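Novice: task: produce atomic coordinates for the following.
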Amino acid sequence: MDNEDYKLICVGTGLKSIFCYLDQDQALFFIQVYVVPLIFLMVLIIGLTLNSLVLWVMIRQTRPWNRSTLFLCNLTIADTMWILTLPFFIHYHFCRLHWVFSNVICKIMRCMYHTCFYNSIYFVTCISLDRYLAIVHPLQSFFLLNMRQSLFVCVGIWVLSAIVSIPSVFMTFVIPCSSNQSVCTLYIFSYGTGKTLPYSVISTVTGFVLPFMAIYYCYWSCTRELKRHNLKSVQKKKKLFRLMYSVLIIFSLMYLPYHLIRNACITIRAMSNNQTRLINSLDASFSMEMAICSLNTCVNPFFYFVTNGNAKNSLRKTLYVCCGETKQQVRLKVAAIHPL
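Specialist: Numbers count the residues shown, from 1 in each chain. From the prediction side, this is the model:
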C-alpha cells in the first residue's frame, strides 16, 4: 500500500489525522513526543504507588468501612484503572506517535481512558456530597444515603460512565500515515466535528459543569454551616476549611482549562478545514492540559489520608509492616506525609 492509499484511508474515515507528518519544529510535536510521555511516566510511577498504598491500607487496615471509605475506594480504583492505560500511551508517544497495537486495543484504551477520567470526577463529587451530608444534615445523613444506597450509587456511576463513553469507541481509529507510522486517533483532533463537538459539549456539561456546581454548593453549604456553629476544636475547623478550599481550587485548575481548550479545539476546527496557526496553538495547549490533568491521580490519594480519621494510624501500621522500620522512623515519615 503506497502513500496515496494511506491518504485515501485517512480521508475516507473522516478523521484526517494532524499527527501524520508532524513538523518536528512545531510545539505540538515536542509536547506530544517528549512532554506528554515523560509526565505520563512520572504519573505511572508515583500515582500507581500512592493509589496502591491507599487500596492496601483500606483493604487491610480500615475497619469498619463507611460511606466515605466506599467512595474513596471507588475513586482510587478509577484512578488506578486510568493509570493502567498509560503504558500503552507512553509507548505510543515515545515511538513518535506510532501505534504498534491493534485497532481494537486503541479503541479499548481510549474508551477506558475516557470512562475512568470522568469516574474520578464523579467520585470526588460523591465525597463532597458525603461531607455535605455529614456537616449540614448529620442526623438525617445515614437515612438520606446509607451504605446500601451508596453502593448502588457507585455501581450506577460505573455503568453510566461506561455507556456514555461508548461513542468514543466509534470516533477512534488507527490511521496508517505511512509504512512506519500508525496513529491512534483522539476525537478532539478530528475534523469530523459534526459528531465530536456535540459529544464533547455533552461530556463537558455532564462530566464537569454539573459536578463542579454540586461540589461548589456542597462546600458553600458546609462553610456556611460551620461558621454558624462554634466547634470545640478551632484547629479542626481550619482543617475542614482548608480541605474544602483545596478541593475547589484543585478541581478548577485541573479540569476547567482542560474542558475549555478541548471545546475550543473542536469549535475552531468546525469553522475551518485548514490547519491554521490558531488550531496548532490550541492543539498544543490541549496536549499540555492532558498531561497536567493526569497529575490529579497523584493528588487524589491524599483525600483518604485527610478525610479518614484513622488514616494516620493505618498508614503507620502499613509502613511498619512493609518497610520493617522502627516505630520512631515510621512516625517521622507519617508526620512528613500527613502533617495535619
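Novice: ok, the closest residue to residue 146 other than its chain neighbours to residue 160 distance?
Specialist: Nearest residue to residue 146, sequence neighbours excluded (Cβ to Cβ, 6 or more residues apart in numbering): residue 67, at 7.5 Å. Yep, even glycine has a C-beta here, placed from its N, CA and C like the rest. As for residue 67, its distance to residue 160 is 20 Å (criterion: Cβ to Cβ, to the nearest Å).
Novice: which of these two has more residues huddled nearby?
Specialist: Shown here are residue 67 and residue 160; by other Cβ atoms under 10 Å, residue 67 has more neighbours (22 against 15).
Novice: phi, psi for the more buried one please.
Specialist: Residue 67 adopts backbone torsions of phi -60, psi -40, taken as degrees, to the nearest 10.
Novice: tell me the contacts of it?
Specialist: When contacts are counted by Cβ atoms under 8 Å, 6 or more residues apart in numbering, residue 67 is found next to 130, 142, 145, 146, 147, 150.
Novice: repeat that for 10 Å
Specialist: 126-127, 129-130, 133-134, 141-142, 145-147, 149-151, 153 (Cβ atoms under 10 Å, 6 or more residues apart in numbering).
Novice: and the longest helix along the chain, what does it pack onto?
Specialist: The single longest helix within the chain, with elements called by DSSP state H, is helix 234-271. If contacts are counted by 3 or more Cβ pairs under 10 Å, 6 or more residues apart in numbering; DSSP states H and E, helix 234-271 sits against helix 103-136, helix 193-204, helix 210-228, helix 277-294, helix 296-299, helix 301-307.
Novice: and if we set it to 6 Å?
Specialist: In this structure, helix 234-271 makes packing contacts with helix 193-204, helix 277-294, judged by 3 or more Cβ pairs under 6 Å, 6 or more residues apart in numbering; DSSP states H and E.
Novice: which ones are touching residue 150?
Specialist: Going by Cβ atoms under 6 Å, 6 or more residues apart in numbering, residue 150 touches 67, 70.
Novice: pull out the buried positions in stretch 285-297.
Specialist: 285, 286, 287, 288, 289, 290, 291, 293, 294, 296, 297 (16 or more other Cβ atoms under 10 Å).
Novice: closest one of those to residue 36?
Specialist: Nearest to residue 36 among those: residue 291, at 4.9 Å, using Cβ to Cβ.
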